[in-house]
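**Q** based on what follows, work out the 3D shape:
(chains A and B)
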Amino acid sequence: DAKTTQPNSMESNEEEPVHLPCNHSTISGTDYIHWYRQLPSQGPEYVIHGLTSNVNNRMASLAIAEDRKSSTLILHRATLRDAAVYYCILRFARGSEKLVFGKGTKLTVNP
Amino acid sequence: GAGVSQTPSNKVTEKGKYVELRCDPISGHTALYWYRQSLGQGPEFLIYFQGTGAADDSGLPNDRFFAVRPEGSVSTLKIQRTERGDSAVYLCASSRGSPGANVLTFGAGSRLTVL
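**A** Sure thing, here's the model as predicted:
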């Protein structure tokens, strides 16, 4: 299984942008890059996903490197409610559809 | 309902007892997943259903764990002869089941404590 590497923790200030990095050097051509986040005492929540091109939605932006070996989740203006563990996951287009979670990045947002 | 519903939200049991955890997926979602999460860890995959059948049960830790989805909707995770190490939050998720890009919606989880 292709793996992802994320920093254990990051810190940000409220209303500032946050860039959460993810390395996935063994990604295959058909793997989708998914991001989920988990707020305290809740189940994981979908944030965004992409294949090759950068993606934007109401929650965040996803910037994917040209060689697809890394990606960055961008929160344009962090709020206190964005404090969570963020998981970067490769989703296989073929075979089992399970999501394999790592430990993720714990984001702390300071007021 | 609008989301994935899991019951009970909390379950305390004694070592050696039998436990059932229930998951009600989003209506129309053909795929259903079970995960468990220990404190400080990411969710660990257990089993995934496509319709009524288990498409991937490679994450079930041993034969004390079993899951069913007899009508392709509600699923039950069954744990026999519970051990203290089974204490965790058990998460259920559902999706439309399209390969690769589809999105999982998770429930809030069932917290199991084995004394």
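**Q** ok, and the closest non-adjacent residue to residue A:63?
**A** residue A:72 (4.6 Å; C-beta to C-beta, 6 or more residues apart in numbering or on different chains). In this view, the C-beta of every residue, glycine as well, is placed from N, C-alpha and C.
**Q** if I look at that neighbour, how far off is residue A:52?
**A** Separation of residue A:72 from residue A:52 (C-beta to C-beta, to the nearest Å) stands at 15 Å.
**Q** these two: who's more crowded?
**A** Neighbour totals were compared for residue A:72 and residue A:52, and residue A:72 leads with 17 against 11 (other C-beta atoms under 10 Å in any protein chain shown).
**Q** quick check: that one touching residue A:22?
**A** Yes: the pair residue A:72 / residue A:22 is scored as a contact, 7.1 Å apart, by C-beta atoms under 8 Å.
**Q** so is stretch B:35-43 next to chain A?
**A** Yes: among the residues of stretch B:35-43, B:35, B:41-43 lie within reach of chain A under C-beta under 8 Å from any C-beta of the partner chain.
**Q** give the buried residues for that stretch.
**A** B:35-37, B:42-43 (16 or more other C-beta atoms under 10 Å in any protein chain shown).
**Q** and the residues you listed, which is closest to residue A:3?
**A** residue B:42 (12.2 Å; C-beta to C-beta).
**Q** tell me the contacts of the closest one?
**A** Under the criterion of C-beta atoms under 8 Å, 6 or more residues apart in numbering or on different chains, the contact list for residue B:42 reads A:85, A:87, A:101-104.
**Q** quick one on the thing from earlier: among the residues of stretch B:35-43 next to chain A, which ones are in strands?
**A** Cross-referencing those against strands under DSSP state E gives residue B:35.
**Q** now flag whichever of the residues of stretch B:35-43 next to chain A is closest to residue B:68.
**A** When the residues of stretch B:35-43 next to chain A are compared against residue B:68 (criterion: C-beta to C-beta), the nearest one is residue B:35, at 16.8 Å.
**Q** doesn't residue B:77 make contact with the closest one?
**A** No: taking C-beta under 8 Å as the definition, residue B:35 is not a contact partner of residue B:77, at 10.2 Å.
**Q** joint contacts of the two?
**A** Shared contacts of residue B:35 and residue B:77, counting by C-beta under 8 Å, 6+ apart, come down to B:46, B:90, B:92.
**Q** other SSEs contacting the helix or strand hosting the first one?
**A** In other words, residue B:46. If you go by DSSP states H and E, residue B:46 is part of strand B:44-50. Counting contacts by 3 or more C-beta pairs under 8 Å, 6 or more residues apart in numbering or on different chains; DSSP states H and E, strand B:44-50 packs against strand B:31-37, strand B:53-56, strand B:65-68, strand B:75-79.
**Q** for chain B, what lies in contact range of chain A?
**A** Taking C-beta under 8 Å from any C-beta as the contact definition, chain B meets chain A at B:4, B:31, B:33, B:35, B:41-45, B:48, B:50, B:55-56, B:58-59, B:91, B:93, B:95, B:97, B:99-109.
**Q** give me the contact list for the helix or strand of chain B with the lowest mean pLDDT.
**A** Using mean pLDDT, DSSP states H and E, the weakest-scoring helix or strand in chain B turns out to be strand B:53-56, at a mean of 90. If you take C-beta under 8 Å, 6+ apart as the criterion, strand B:53-56 is touched by A:96-98, B:31, B:47-49, B:67, B:69.
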